[in-house]
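Engineer: The following block contains a protein sequence and its predicted model.
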Amino acid sequence: MLKIGHEVVRPGKNAGDSPVTIPVPEELETVPGIPKVQREVDWYAREYPVETMNITERASRDWANAIRDQHVEMREIRKEHDKLNRSLIMGARLTGDLEPTAEPTGEDVSELIKAKARELGYVEVGITAYDPHYTYQSKKDWVKFPHVICLAYEQDFEPTQTIPSVDAEIVHSSTYRTEGAAALELGNYIRSLGYHAQVMGSGDSAGPYIPMHVAAGTGQLGACGYLLTPHVGSRCRLVGLTTDANVSYDSPVDYGIHAFCQVCQVCVNRCPGRALMRDKIWWRGIEKNKLYFKRCRPVMARYLGCGICMKVCPIQKYGLQNVMEHYAETGQVLGKGTHDLEGYTLEGKGYFGPGEMPVFDAGFFSMPQGDTEEWAFNQFKEKALANGGTITDEMLEDFRTEVARGLSQSRDNMGMMEEEDYI
């Protein structure tokens, strides 16, 4: 039995459930939240502000959509999701300008908000300061209020265990819509308490939510790049509301995840694209396992959204309490090396059990990079070099056409969905 360094007590998974106690072995203790160097976080946010990959990687986004939509069922799932999610996005965009419907009492409403969120089905809820370091450059003036309610909604267990599959993609999309509707309702509730509430809807966020979730204590960043929450690990979808309500902030928590992921490594070992880094690096002032995007998106595009890193995570499958209790008792990772946890099937390639990995040809990971205009220039340059440095009128015309197309593309999520070439 390993020595327990500390215990974390969290509310039960569902509203009304008894609290759970998570033992964290001493050897897995690091810091609450995540190791970071604040001056580096500040510098990167100032000099290289974050931006949504819908903009910075628009070329590969369009490429991936075109490939994914060759799968008829996937195409219909995505189109149906966009259709149903549109009203939720539009509704969320209006919330920042809605006035409270009552006068505030002046009391701290943190617990009221958390209780309502749990009643609405959120499996995790935490409160912290909104961190502008993580606001997308294209939305730098969008966020209106200083506090953020960090929310996580569970994705159904059974379909998730079939990843990658059509059923898993259906529940992936429907979970975003369910939590989006619940967030609008929570916003109405906060306004009924006398305060403003701005919903940052799914598919239309102001920036990455994970840093603020970590600050609010709802989980820690995993080696897979997802937030790992206590009850369901990465098997959840995140959303946030900013507010000016009278609230108290939660604190980051050391769940032992930061160190545990280095011991576990199941997602790193099972990723079919080898897109997850085994060792942590410092990135934008944060110590983390960095995702290799260029090896991730090609697999997601061709294999039903992939998500294998979610499927094979023991915390997702068994819950953090069970995983930590097992590790404390045995020094072993629960489920590691078993078909139950690690096995998956890729359409057209077959089943891969523990230790078995798919092989792709050399061109599999070749995809456009950057935004549409950047990719157009790279293609133009390659054609000219291949032609001995001679630029033809045809090359110039193709380049002009692609740059004009890129400049005409919307930088707004709703605008993207309305464009003719949005498949």
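Structural biologist: Great, that's in hand.

Engineer: Would you mark the buried spots in stretch 294-301?
Structural biologist: Buried residues in stretch 294-301, counted by 16 or more other Cβ atoms under 10 Å: 295-301. The C-beta positions use only the backbone N, C-alpha and C, and glycine is treated the same way.

Engineer: One more: stretch 86-105?
Structural biologist: So stretch 86-105, judged by 16+ other Cβ under 10 Å, has buried residues 88-89, 91-93, 95-96, 100.

Engineer: Kindly reformat those as CSV containing secondary structure.
Structural biologist: Below are the buried residues of stretch 86-105 laid out as CSV (DSSP: H, G, I helix; E, B strand; the rest coil):
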residue, secondary structure
L88, helix
I89, helix
G91, helix
A92, helix
R93, helix
T95, helix
G96, helix
P100, coil
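
Engineer: Pull the most distant pair out of these.
Structural biologist: I89 and P100 (22.7 Å; Cβ to Cβ).

Engineer: Can you show me the strands along the stretch 101-250 of the chain?
Structural biologist: 122-129, 147-154, 197-200, 220-221, 227-228, 236-243 (DSSP state E, counting those that start in this stretch).

Engineer: Just send those strands back as JSON lines, with mean pLDDT too.
Structural biologist: Shown next, in JSON lines, are the strands of the stretch 101-250 of the chain (pLDDT from 0 to 100):
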{"stretch": "strand 122-129", "mean pLDDT": "99"}
{"stretch": "strand 147-154", "mean pLDDT": "98"}
{"stretch": "strand 197-200", "mean pLDDT": "96"}
{"stretch": "strand 220-221", "mean pLDDT": "99"}
{"stretch": "strand 227-228", "mean pLDDT": "99"}
{"stretch": "strand 236-243", "mean pLDDT": "97"}
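
Engineer: closest to H71 out of the ones you listed?
Structural biologist: strand 236-243 (22.0 Å).

Engineer: Tell me which strands that closest one pairs with, and in which orientation.
Structural biologist: strand 147-154 (antiparallel), strand 197-200 (antiparallel) (DSSP bridges).

Engineer: The ones you listed into JSON lines, with extra columns for mean neighbour count?
Structural biologist: Putting the strands paired with strand 236-243 into JSON lines (neighbours: other Cβ atoms under 10 Å) gives the following:
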{"stretch": "strand 147-154", "mean neighbour count": "26"}
{"stretch": "strand 197-200", "mean neighbour count": "27"}
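
Engineer: Could you say which one of the ones you listed comes nearest to V323?
Structural biologist: strand 147-154 (16.9 Å).

Engineer: what's the span of stretch 217-228, first residue to last?
Structural biologist: Across stretch 217-228, the terminal residues are separated by 11 Å (Cα to Cα, to the nearest Å).

Engineer: And the contacts of whatever helix or strand R46 lives in?
Structural biologist: For R46, the host element (DSSP states H and E) is helix 38-47. For helix 38-47, the surrounding residues in contact (Cβ atoms under 8 Å, 6 or more residues apart in numbering) are 132-134, 282, 284-286.

Engineer: so who does the residue lying closest to Q198 once chain neighbours are set aside touch?
Structural biologist: Nearest residue to Q198, sequence neighbours excluded (Cβ to Cβ, 6 or more residues apart in numbering): G96, at 3.8 Å. Each residue near G96 by Cβ under 8 Å, 6+ apart is listed here: 142, 144-145, 196, 198, 242.
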